[in-house]
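# next input, structure requested:
(one chain, ligands or ions: 1)
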Amino acid sequence: MNQENALGYEELKAALITEYENQYGTKPLWFVAAPARVNLIGEHIDYCDGFVLPLAIDRHVMMAASPNGTDEALFTSLMLPDQPAVIPLDERPKIGSPSWANIIRGVFYGFYQKDIWPIPGFDTLVHSNVPLGAGLSSSAALGVAAATMIESVSGLQIQPKNKGLLCQAAEHQFAGVPCGIMDQFASIFGKKDHMVLIDCRSEEAQAVPFTDDSVTVIIANTCVAHELSDGSYANRRKQTEIALSVLGKDSWREVTMDDLLAKQSAMSEQVFRKARHVVTEIDRTQQAALALSRGETETVGELMAASHRSLRDDFEVSCEELDIMVQAAWDIGPAGGVLGSRMTGGGFGGSTVTLARKDDAQQIIATMASVYQEKTGIEPEIFATTAVDGAHAVDA
Ligand code: GAF
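Predicted coordinates for the structure are as follows:
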C-alpha cells in the first residue's frame, strides 16, 4: 500500500463497516481501533529495563464484530480475505492455522488464563492501514485490537498495564517473538499530541506533550521487509542477557559505563558492544525526554544520531537501506528543517523516524524519497504522522 494514499481513520472505519454489512448482512455491534507506533528513541532496551519514547500513530488496526450464537470466533481480514481464522471458544486456545491469527489466539489464551472464559462466539472483520513489515508494530496493534474487542464482547475491562502484558505474552508464546513491552504499551497508552515515556522496569507509562507544535514526525519505510521471528531479534536479546549475567547485576538500570568497562575483558567483543549500546541508549533516552520537554531540539537531534550510530555499529540491527535513508535526512540537516533522524523499531529493514519542521515536511519527504530511490532503486513510502490516542472502542 502506498501510504500517501492510505485510508485515513474515518475512511478505514467506513470501509470496514460497509464491508461488514456486505459480508454478514448486519451492522456490527462492536467496533475497536488500536494504533501502531513509531519510536523516537530508546531502541532495543525495552527488554533491558530501559526507557523508551514511542508515540501511537495515526495508522490503525480496526475490528468490527457481532455475536454469532456459536462457540467459535471467526476472524476474517480484509488484508488476507482468503485466510479466515476460526477460533474455538470451548477449549484452551492453541497455535493454529492460518498463522496471521496466532497473535489473536495468544490474546484469547491470556483471557483464558485470567478466567475470562468462555467467551460467547462472534464474527469479526479486520481492516488495517498499518504498513506490514515496516517496523511500526502491526502485529502488536493486531493483538491489542483483539484484546480490546474481547473486552467489548465479554463486557470486562482489564487494567491497561495488564492488558499490555497479556498482549506481550501472546507475542512470546504464540508468535515466537521475545519482545519487550514497548509496542503493546504504546498502542494502549498512546495519547493525542503526546509521546509515551515508558519505564520498562516499573512498567509505567507517562504521556509527555509535544511542546513545540511547529515540529512533526516523518516515517520513512525503506520497503525492505523486516521480520522479527527469524531469530536475529532473539539473538540480540540473548546477548544482552549474557552481558548482564557477566556483569553480575539484577538490572541494566544498575549498570554504569564504569561497571561495563571493568568487565569488558570477561566478555566477547560482540557481547561487549551490545552491552555498550544498552547502557548508552538508556542514558540517551532519558536525556532526550528532558530535552524534548524543554524544546531543546538540537540536543534531541544529536541524541537521535548517536542512537542510530549505536544501533548500526554496536547493536548491529541496521542495514544498508536504513543507513541510506537516515543519511538522506541528516544531509538535509537543520537548515532544511530536519531536527533529527534514526532507524526505528526492531531494525533489519523497516522504517526510519525523522523529527522535522512542519513547514518543511513536504520538501523533506520529496528529497528523502528521491535520494533513497536513486541510491537503492527501491521506491520508499514516506509520510508525516501525528500522535493519536491509544486503543479504544468506538460506536459503530
Ligand atoms: C520490536 C519489539 F517488539 C519491541 O519490544 C522492541 O524491542 C523493538 O523491537 C526494538 O526497540 O518492535
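
# so residue 292 lies in a strand, does it not?
No. Per DSSP: H, G, I helix; E, B strand; the rest coil, residue 292 lies outside any strand segment and is helix.

# how about the helices of the stretch 251-396 of the chain, start to end?
257-262, 269-293, 297-313, 320-332, 361-376 (DSSP state H, counting those that start in this stretch).

# now swap in the stretch 101-250 of the chain and tell me
102-113, 138-154, 160-174, 182-189, 232-247.

# could I get these as a markdown table with mean pLDDT, mean neighbour count and distance to the ligand?
Using the backbone N, CA and C atoms, a C-beta is placed for each residue, glycine as well. Shown next, in a markdown table, are the helices of the stretch 101-250 of the chain (pLDDT from 0 to 100; neighbours: other Cβ atoms under 10 Å; distance: least, Cβ to the nearest ligand atom, whole Å):
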| stretch | mean pLDDT | mean neighbour count | distance to the ligand |
| --- | --- | --- | --- |
| helix 102-113 | 98 | 22 | 12 |
| helix 138-154 | 98 | 26 | 7 |
| helix 160-174 | 98 | 21 | 7 |
| helix 182-189 | 98 | 30 | 5 |
| helix 232-247 | 96 | 18 | 7 |
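
# without its sequence neighbours, what residue ends up closest to the residue minimising distance to the centre of the chain?
Nearest to the mean C-alpha position of the chain, counting by Cα atoms, centre = their mean, stands residue 137 at 3.3 Å. Spatial nearest neighbour of residue 137, chain neighbours left out: residue 183 (3.8 Å); criterion: Cβ to Cβ, 6 or more residues apart in numbering.

# now do the contacts for the one you found.
37, 54, 137, 139-141 (Cβ atoms under 8 Å, 6 or more residues apart in numbering).

# widest-spaced pair of the residues you listed?
54 and 139 (14.7 Å; Cβ to Cβ).

# residue with max distance from the center of the chain?
residue 265 (35.2 Å).

# from the ligand, how far out is that one?
28 Å (Cβ to the nearest ligand atom, to the nearest Å).

# dump the residue contacts of that residue.
Per Cβ under 8 Å, 6+ apart, neighbours of residue 265: none.

# do residue 266 as well
Per Cβ under 8 Å, 6+ apart, neighbours of residue 266: residue 246.

# same deal with residue 125?
16, 19-20, 23-24, 28, 63-65, 76-78.

# where's it relative to residue 289, distance?
Going from residue 125 to residue 289 by Cβ to Cβ, to the nearest Å gives 39 Å.

# again with residue 16
35 Å.

# try residue 273
25 Å.

# also residue 377?
Counting by Cβ to Cβ, the gap from residue 377 to residue 289 is 38 Å.

# export the helices of the stretch 251-396 of the chain to JSON lines and append columns for distance to the ligand and mean pLDDT.
Shown next, in JSON lines, are the helices of the stretch 251-396 of the chain (distance: least, Cβ to the nearest ligand atom, whole Å; pLDDT from 0 to 100):
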{"stretch": "helix 257-262", "distance to the ligand": "20", "mean pLDDT": "98"}
{"stretch": "helix 269-293", "distance to the ligand": "9", "mean pLDDT": "97"}
{"stretch": "helix 297-313", "distance to the ligand": "9", "mean pLDDT": "97"}
{"stretch": "helix 320-332", "distance to the ligand": "13", "mean pLDDT": "98"}
{"stretch": "helix 361-376", "distance to the ligand": "22", "mean pLDDT": "98"}
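
# how about the ones you listed in JSON lines, adding mean neighbour count?
Shown next, in JSON lines, are these (neighbours: other Cβ atoms under 10 Å):
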{"stretch": "helix 257-262", "mean neighbour count": "13"}
{"stretch": "helix 269-293", "mean neighbour count": "21"}
{"stretch": "helix 297-313", "mean neighbour count": "20"}
{"stretch": "helix 320-332", "mean neighbour count": "21"}
{"stretch": "helix 361-376", "mean neighbour count": "17"}
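
# make TSV out of these and add distance to residue 210.
Conversion of those to TSV gives the following (distance: least, Cβ to Cβ, whole Å):
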stretch	distance to residue 210
helix 257-262	31
helix 269-293	8
helix 297-313	11
helix 320-332	19
helix 361-376	14
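
# quick one, which of these is nearest to residue 42?
That would be helix 269-293 among the helices of the stretch 251-396 of the chain, by Cβ to Cβ, at 3.7 Å.

# tell me what that closest one is packed against?
Contacts defined by 3 or more Cβ pairs under 8 Å, 6 or more residues apart in numbering; DSSP states H and E place helix 269-293 against strand 51-52, strand 194-199, strand 204-209, helix 232-247, helix 257-262, helix 297-313.

# just the pLDDT for the residue in the stretch 201-350 of the chain positioned nearest to the ligand.
At 3.4 Å from the ligand, residue 346 is the closest residue in the stretch 201-350 of the chain, using Cβ to the nearest ligand atom. Residue 346 is assigned 95 on the pLDDT scale.

# that one: how many residues sit nearby?
22 (other Cβ atoms under 10 Å).

# I'd guessed residue 319 sits against residue 347; true?
Yes. Between residue 319 and residue 347 there is a contact under Cβ atoms under 8 Å: 7.2 Å.

# ok, these two, which is more surrounded?
residue 347 (24 against 17).

# residues contacting the closest residue to the more buried one other than its chain neighbours?
What sits nearest to residue 347 in space, not counting adjacent residues and going by Cβ to Cβ, 6+ apart, is residue 317, at 3.2 Å. Contacts for residue 317 (Cβ under 8 Å, 6+ apart) come out as 43-44, 232, 236, 311, 343, 346-348.

# switch to 7 Å and redo it
Counting by Cβ atoms under 7 Å, 6 or more residues apart in numbering, residue 317 makes contact with 44, 236, 311, 346-348.

# pLDDT at it, what is it?
96.

# and it, how far is that from residue 84?
Counting by Cβ to Cβ, the gap from residue 317 to residue 84 is 35 Å.

# can you check residue 382 too?
Distance from residue 382 to residue 84, by Cβ to Cβ: 33 Å.

# more neighbours: which of these two?
residue 382 (26 against 15).

# mind listing what the residue nearest to residue 96 when sequence neighbours are not counted touches?
Of all residues not flanking residue 96 in the chain, residue 105 sits nearest, at 6.2 Å (Cβ to Cβ, 6+ apart). Under the criterion of Cβ under 7 Å, 6+ apart, the neighbours of residue 105 are 87, 93-96, 174.
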